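> next comes the sequence, and after it the predicted model I'd like to discuss.
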Number of protein chains: 2
Amino acid sequence: MHVTILGGGGFLGRKLAARLARDGALGGRAVSGLTLFDLNAPAAPDGAPFPVRCLAGDIAAPAALENAIPEGTDVVFHLAAVVSAAAEADFALGMRVNLDGTRNLVERCIGLSRPPRVVFTSSVASFSGGQAAVLPDDARQVPANSYGAQKAMGELLLSDASRKRFLDAVNIRLPTVIVRPGRPNKAASSFFSAILREPLLGLETDLPVGDDFGVWVCSPRQAVEWFLHAATMDTGPLGLDRGINPPGLRATVGKMLAALRAVGGEEAASRVRRTPDPAIEAIVSGWPAAFTAERARRLGFPEQEGLEAVVRAFVEDDLAATRAERGL
Amino acid sequence: MHVTILGGGGFLGRKLAARLARDGALGGRAVSGLTLFDLNAPAAPDGAPFPVRCLAGDIAAPAALENAIPEGTDVVFHLAAVVSAAAEADFALGMRVNLDGTRNLVERCIGLSRPPRVVFTSSVASFSGGQAAVLPDDARQVPANSYGAQKAMGELLLSDASRKRFLDAVNIRLPTVIVRPGRPNKAASSFFSAILREPLLGLETDLPVGDDFGVWVCSPRQAVEWFLHAATMDTGPLGLDRGINPPGLRATVGKMLAALRAVGGEEAASRVRRTPDPAIEAIVSGWPAAFTAERARRLGFPEQEGLEAVVRAFVEDDLAATRAERGL
């Protein structure tokens, strides 16, 4: 089967490509070819037992995807996006990449002789809710940011394109992904990863909210598991509603710090400085902190592993590379 | 205040323009100018006490709205759309007019020095549900047709643009509008108007569903009342959620025929032929037949008048013109 990853250079795209290279197969069928597409040509994963094409392009440009999604493509992972802080700062850029990019994908699929499976990363940012919320599977998406609005629009488009049999989409609303490798960034959610990553790198970091603050999380490993399941599941039971709230984990900051302590010791935990920041708290307080995720469980999406395993996975998969990348 | 009607040549646009011409004011403020925009230049309403500009243009073309929405515009009624059957038959056309058109509106508003009020006609077609459904105000939009999907996308875009203060939107999900003037068309919903209009014109018509079939309806008069309220209401209480399920009426076909009998007599009612059509019933059965509409009532949207008044309004407002237009 031929697979394309749009946004193949991002941190989840790279992990997904590495996993496909390691498995050599997807859902029991051998992968015959992989295309990675991003603004800059992504690096091919090590040791892939199939040919890998690495393409650079602008997903929002007309005809950009003709080459990236060749005739005969079986699965497209659509992970390409302008992230939340950037989409909020530059409305036109977010619309262009997050909406036009998804529309270009639909246009390309209309041109194919066989509708490919499309796995789209939507986001919890497409919901409102807050700390007390436990959102059911039929919760209405009322986004409080342009990124979430663009993701919700993309879901509607891909669901309609599925109904029209242009493609066959599964839209996964990803939780806050921890632990992100790399550096802290300006996203309001940056601290959720930073309070685990930075101490393990030997660095101090700020915690802007209280220990009982709740957040709906998943690990990069778990996200990849969900992508693989979504790529091969029977989509018949989805009907018109192609959106999936996957079974993430309702964590609290306090439990995250306990997991840090268990893996990195008291020394690591002591590098977290409690520096309340009402501006950051105001933003992240609007995000729903839990979902029932009953439908996803019924549809076979695997459960998020516990927080200690999440921290250990970061140590195993990303700590050394992050240390090297940041010259530490 | 300056007002623009996009889709000013459609049957609701013409009624709205005529109402503004009659009132000379909107929400207690004098109308200083009206711009009507449509694919073909609409006719100006009779006797308007303010200048009326009648413009032809393609709402989806870049910069099409520069002239249609001049600097200083206070209210834009965005009624322009490719309707359900056409959007289903031609996906690209629906996307172009229903989504790109709305996006062009947002782009134009970004270019204005003051965000105008935007009243957008969304649709019950953006929901699923069916005969047994009574949809609450926070019901999730799971459209079963491209028109509904495009309207729901437009709502998300206009809500986000409101949050960003590019404009100030109220998105009204219109019920099935009865009695539409003009001719029967290929829309699956065409019969809801035809069973009232055709008999009053002296013509026979087919009823494809049973007498107990339920449908959520409003009259053209009521739709115009809602537009005027949405144009002048305080949008503060709407918060992030700019969508309104207005207080329509849950009618049944049997009650509609009783109203026809009350207004047009037994002779008119006898012109309705009961000719069950499972294909049409299958389509319209997917539409929600009732809404709680509690939020709209709280926000001052007036209640739909009863079915007999709806039929009498058609006789008063549209029967003679429809007869003339169709050469009857």
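Perfect, I can see it now. Numbers count the residues shown, from 1 in each chain, chains lettered A, B, ... in the order given.
> any buried residues in the helix or strand containing A:Phe314, and which?
In this structure, A:Phe314 sits in helix A:307-317 according to DSSP states H and E. Residues of helix A:307-317 classed as buried under the neighbour-count rule (16 or more other C-beta atoms under 10 Å in any protein chain shown) are A:307, A:310-314, A:317. Every residue, glycine included, has its C-beta placed from N, CA and C.
> can you put those in a markdown table and add distance to chain B?
Written out in a markdown table, the entries for the buried residues of helix A:307-317 read as follows (distance: C-beta to the nearest C-beta, whole Å):
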| residue | distance to chain B |
| --- | --- |
| A:Leu307 | 30 |
| A:Val310 | 30 |
| A:Val311 | 34 |
| A:Arg312 | 37 |
| A:Ala313 | 33 |
| A:Phe314 | 33 |
| A:Asp317 | 35 |
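> spell out which parts of the stretch 1-150 of chain A neighbour chain B.
Residues of the stretch 1-150 of chain A found near chain B (C-beta under 8 Å from any C-beta of the partner chain) are A:91, A:95, A:103, A:110, A:128, A:138-144, A:146, A:149-150.
> of all the residues you listed, which comes closest to A:Ile59?
In terms of C-beta to C-beta, no member of the residues of the stretch 1-150 of chain A next to chain B lies closer to A:Ile59 than A:Arg103, at 9.9 Å.
> correct me if wrong: the closest one contacts B:Met95.
Yes. In this structure A:Arg103 lies within contact range of B:Met95 using C-beta atoms under 8 Å: 7.5 Å.
> who has more neighbours out of those two?
Shown here are A:Arg103 and B:Met95; by other C-beta atoms under 10 Å in any protein chain shown, B:Met95 has more neighbours (23 against 19).
> thought that one was touching B:Lys151?
No. Under the criterion of C-beta under 8 Å, B:Met95 makes no contact with B:Lys151, lying 11.8 Å away.
> ok, which pair from the buried residues of helix A:307-317 is furthest apart?
A:Leu307 and A:Asp317 (15.6 Å).
> which residue sits closest to the residue of the stretch 151-300 of chain A found nearest chain B, ignoring its sequence neighbours?
As assessed by C-beta to the nearest C-beta, chain B sits closest to A:Asp160 within the stretch 151-300 of chain A, at 3.8 Å. When the adjacent residues along the chain are set aside, A:Asp160 lies closest to B:Ala149, with 3.8 Å between them (C-beta to C-beta, 6 or more residues apart in numbering or on different chains).
> and that neighbour, how many residues sit next to it?
A total of 32 residues lie near B:Ala149 under the criterion other C-beta under 10 Å.
> now for whichever helix or strand it is part of, which elements pack on it?
According to DSSP H and E, B:Ala149 maps onto helix B:146-163. Helix B:146-163 makes packing contacts with helix A:146-163, helix B:84-89, helix B:91-94, helix B:101-110, strand B:117-123, strand B:168-174 when contacts are defined by 3 or more C-beta pairs under 8 Å, 6 or more residues apart in numbering or on different chains; DSSP states H and E.
> can you put those in JSON lines and add distance to B:Thr4 and mean pLDDT?
Rendered in JSON lines, the data for the helices and strands packed on helix B:146-163 read as follows (distance: least, C-beta to C-beta, whole Å; pLDDT from 0 to 100):
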{"stretch": "helix A:146-163", "distance to B:Thr4": "24", "mean pLDDT": "97"}
{"stretch": "helix B:84-89", "distance to B:Thr4": "23", "mean pLDDT": "89"}
{"stretch": "helix B:91-94", "distance to B:Thr4": "23", "mean pLDDT": "97"}
{"stretch": "helix B:101-110", "distance to B:Thr4": "10", "mean pLDDT": "98"}
{"stretch": "strand B:117-123", "distance to B:Thr4": "10", "mean pLDDT": "98"}
{"stretch": "strand B:168-174", "distance to B:Thr4": "14", "mean pLDDT": "98"}
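> Throw these into JSON lines and include distance to B:Leu203, thanks.
What follows is the helices and strands packed on helix B:146-163, written out as JSON lines (distance: least, C-beta to C-beta, whole Å):
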{"stretch": "helix A:146-163", "distance to B:Leu203": "35"}
{"stretch": "helix B:84-89", "distance to B:Leu203": "21"}
{"stretch": "helix B:91-94", "distance to B:Leu203": "31"}
{"stretch": "helix B:101-110", "distance to B:Leu203": "35"}
{"stretch": "strand B:117-123", "distance to B:Leu203": "28"}
{"stretch": "strand B:168-174", "distance to B:Leu203": "26"}
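> buried residues, stretch A:248-264. List them.
Along stretch A:248-264, these residues count as buried under the neighbour rule (16+ other C-beta under 10 Å): A:248-253, A:255-261, A:263-264.
> one more: stretch A:73-91?
Residues of stretch A:73-91 classed as buried under the neighbour-count rule (16+ other C-beta under 10 Å) are A:73-88, A:91.
> show me the domain layout of chain A.
Taking automatic domain parsing as the domain assignment, the ranges for chain A are A:2-127+A:138-174+A:220-244, A:190-216+A:249-325.
> okay, those domains, which one's buried deepest?
The highest average neighbour count among the domains of chain A, using mean count of other C-beta atoms under 10 Å in any protein chain shown, belongs to domain A:2-127+A:138-174+A:220-244 at a mean of 20.
> distance from the chain centre to that one, please.
When distances are taken as C-alpha atoms, centre = their mean, to the nearest Å, domain A:2-127+A:138-174+A:220-244 is centred 10 Å away from the chain's centroid.
> spatially nearest residue to A:Gln150 (excluding sequence neighbours)?
A:Asn98 (3.6 Å).
> who touches the one you found in this structure?
Listed by C-beta atoms under 8 Å, 6 or more residues apart in numbering or on different chains, the contact partners of A:Asn98 are A:81-82, A:87, A:147, A:150-151, A:154.
> state the distance from it to A:Ile172.
Taking C-beta to C-beta, to the nearest Å as the measure, A:Asn98 falls 15 Å from A:Ile172.
> for A:Phe91, same thing?
A:Phe91 is 25 Å from A:Ile172, where distance means C-beta to C-beta.
> excluding sequence neighbours, find me the nearest residue to A:Gln222.
The shortest distance from A:Gln222 to any residue other than its chain neighbours is 5.0 Å, reached at A:Gln304 (C-beta to C-beta, 6+ apart).
> is it true that the one you found touches A:Gly248?
Yes. Assessed by C-beta under 8 Å, A:Gln304 is found in contact with A:Gly248 at 5.1 Å.
> all the strands of chain A, residue numbers only.
Along chain A, counting by DSSP state E, strands occupy A:2-6, A:25-26, A:29-30, A:33-38, A:52-56, A:73-78, A:117-123, A:168-174, A:176-177, A:205-207, A:214-218, A:243-244, A:249-252, A:272-274.
> quick check: angle from the fourth one to strand A:2-6?
Going back to what we said before, that points to strand A:33-38. Between strand A:33-38 and strand A:2-6, the angle formed by their directions is 10 degrees, by axes from the mean of the first three to the mean of the last three C-alpha atoms, to 10 degrees.
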